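[1] need a 3D model of the sequence below.
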Amino acid sequence: MSRYAMASLGLSSLEEDIYRHFLRHPGTSVDDLHVRLRSDRVTADQALARLSELRLVRTTGGTVTVTEPDLVVSRLAEDQMEQLHQAMRKLTHTRPILESLRREAPPAATAGPALGIERMEDLALVRNRIDDLSFFARQEVMSAEPYDALSPENIAHARPLDLRCLRRGVVIRNLVRRAALDDPPTRDYLRELTAHGARIRVADDFSELILIYDRHTALVPVDPHDTARGALCAREDGLVGNIITLFERLWDAAHDFGALVNTKKPEPHPLTPAQLEALRSMCTVSKDETGAREMGISLRTYRRHISDLLQLLGADNRAHAALLARERGWI
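    Prediction:
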């Protein structure tokens, strides 16, 4: 790990040096702090003031004490996540930007396909459009794919896009044909997606090829009997809604993938009952205060359980811990 590991939590190198200094030397004076850290006094005072604002340190009578690291890291990580969440919310409200750009362009450049339907007969264009929609999906990807097997090239191309979506918290629901389970590479890939949180169901047989992104864009073949003829990309609410209804009917009639394959048996977990309860709470509640209250323990104890879980699982953060725990069958 790099020397300034707390940069990802929003601290400058000098702020991290100051925090680490007082961790090593608790209760020391701030008088010669700038000399010890080879900084000018004004810059050091500003960095110390920001640490105080963030409640990482407390200064009393010229003496500094620090907040314990497990609380500091959790608090800063939550602050960074909140800032990212706010930034994502701003990025999702792009319509005013789009409208302002359209006003700048000549009418011919902004005229879209009639009725919100785009016909794409170039297969390379179809593939690029699917890649873009997967890359920018924010909430949910639904797919019904009537293949009997995936080629190694298909899997290599789809894996980074699918795993990127799952890491971002995008819900993936994938409907496949039962025949696909007879192909070992395809079955292993579906297992991999399931281990990372994808929801996969299996139907005995269906012919509908459907891709739906964030419930506002749907792709279907121009000719259901010959997918090489291209695809239709629909954004009309009514049409997309009907395609979603068709997908949900197929989904409801299908069987859970995990029940049909010999999935890996869960690893025996070494957790105490309290740690197991904290793990389940971490995966379901959004705030530590809520988790501590539901468990009937102090916030400090709850966060200590979470810290122990991260160390035990070898996880970098809570989302990584939840993923590793699911892969091991602990939750």
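
[2] confirm V202 sits in a strand?
    Yes: checked against DSSP: H, G, I helix; E, B strand; the rest coil, V202 lies within a strand.

[3] longest helix in this protein, please.
    helix 69-92 (DSSP state H).

[4] so for that one, mean pLDDT?
    What helix 69-92 shows for mean pLDDT is 77.

[5] please identify the buried residues of that helix?
    71-76 (16 or more other C-beta atoms under 10 Å). Where you see a C-beta, it was placed from the backbone N, CA and C, and this is true even at glycine.

[6] would you map the helices across the stretch 201-331 of the chain?
    In the stretch 201-331 of the chain, helices defined by DSSP state H, counting those that start in this stretch lie at 237-252, 257-260, 273-282, 288-295, 299-313, 318-327, listed in chain order.

[7] nearest to L150 among those helices would be which one?
    Closest approach to L150 among the helices of the stretch 201-331 of the chain (C-beta to C-beta): helix 257-260, 14.3 Å.

[8] what packs against the closest one?
    helix 184-195, strand 199-203 (3 or more C-beta pairs under 8 Å, 6 or more residues apart in numbering; DSSP states H and E).

[9] buried sites along that helix?
    F257.

[10] restrict it to CA atoms and write it as PDB.
    Output in PDB follows, covering the C-alpha atoms of helix 257-260 (Å, rounded to 0.1, in the frame of the first residue of the first chain):
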ATOM      1  CA  PHE A 257     -30.200 -21.300 -11.900                       C
ATOM      2  CA  GLY A 258     -28.700 -22.300  -8.600                       C
ATOM      3  CA  ALA A 259     -31.300 -25.000  -8.000                       C
ATOM      4  CA  LEU A 260     -30.500 -26.600 -11.400                       C
END
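
[11] mean confidence for that helix?
    On average, helix 257-260 scores 85.

[12] residues in contact with that helix?
    Outside of helix 257-260, the residues within contact range by C-beta atoms under 8 Å, 6 or more residues apart in numbering are 176, 178, 181, 190, 194, 200-202.

[13] before we move on, the earlier item: can you give me the angle the next helix or strand after the longest helix of the chain makes with helix 69-92?
    Next along the chain after helix 69-92, taking DSSP states H and E as the criterion, comes helix 95-104. The directions of helix 95-104 and helix 69-92 differ by 40 degrees, with axes from the mean of the first three to the mean of the last three C-alpha atoms, to 10 degrees as the criterion.

[14] where are the low-confidence patches of the stretch 201-331 of the chain?
    Low-confidence segments of the stretch 201-331 of the chain (pLDDT under 70): 262-268.

[15] redo that, cut-off 80
    261-269, 286, 316, 323, 326-329, 331 (pLDDT under 80).

[16] let's check: the centremost residue of this protein is which one?
    Central residue of the chain (C-alpha atoms, centre = their mean): R168, 1.9 Å from the mean position.

[17] which residue packs closest to it, ignoring adjacent ones?
    R138 (7.7 Å; C-beta to C-beta, 6 or more residues apart in numbering).

[18] using the three-state scheme, assign the one you found.
    R138 - assigned by three-state DSSP - is coil.

[19] that one contacts D214, doesn't it?
    Yes: assessed by C-beta atoms under 8 Å, R138 is found in contact with D214 at 5.9 Å.

[20] check contacts around the closest residue to A315 other than its chain neighbours.
    Closest residue to A315 apart from its sequence neighbours, by C-beta to C-beta, 6+ apart: A321 at 3.7 Å. With contact taken as C-beta under 8 Å, 6+ apart, A321 is in contact with 279, 282, 309-310, 313, 315.
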